[in-house]
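>>> Predicted model and sequence below, questions to follow.
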Amino acid sequence: MGVVGLSEKEFYRLSPRSFNNVLNGYNAKYREKMELHREMLVTFISPNLKEKDRKKTLQQLMPLPWEDEYKKTAQKPKEKKASTKLSEDEIKRIQKSYKF
């Protein structure tokens, strides 16, 4: 079924614990592949890095979603600024108070 590679028959034969073990094994394999890809990518780009970036670790250069560095660099949603536009009524009120 899907990316794990189980047939429908195999899936329905698994107990919940067995399925969890299969899923954990798949996730571990996926993480290992991603870490290998990161290492290869950083090796390929390292000749073109600035001096300050060469001193960074793999985790700092290319953080993966399950690492703390990724969570630090993830973009936080921007806060909406309060509108500073005045309505026509407010403008008229201000004009009257200052006698424009």
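Cool, got the structure.

>>> From here on, just use CA atoms for contacts and neighbour counts.
Noted.

>>> Mind listing what's buried along the biggest helix by length in the chain?
When the chain is parsed with DSSP state H, its longest helix is helix 16-45. Neighbour counts using 16 or more other CA atoms under 10 Å place 19, 22, 35, 38, 42 of helix 16-45 among the buried residues.

>>> burial measure for the residue lying closest to residue 67 once chain neighbours are set aside, as a count.
Ranked by CA to CA, 6 or more residues apart in numbering and with sequence neighbours excluded, the top spatial neighbour of residue 67 is residue 59, at 7.7 Å. Neighbour count for residue 59, taken as other CA atoms under 10 Å: 15.

>>> Which helix or which strand is home to residue 59?
Using DSSP states H and E, residue 59 sits in helix 58-61.

>>> Would you mark the buried spots in that helix?
Residues of helix 58-61 classed as buried under the neighbour-count rule (16+ other CA under 10 Å) are residue 58.

>>> Contacts only, for residue 23.
Residue 23 is in contact with residue 4, counting by CA atoms under 8 Å, 6 or more residues apart in numbering.

>>> All set now, cheers.
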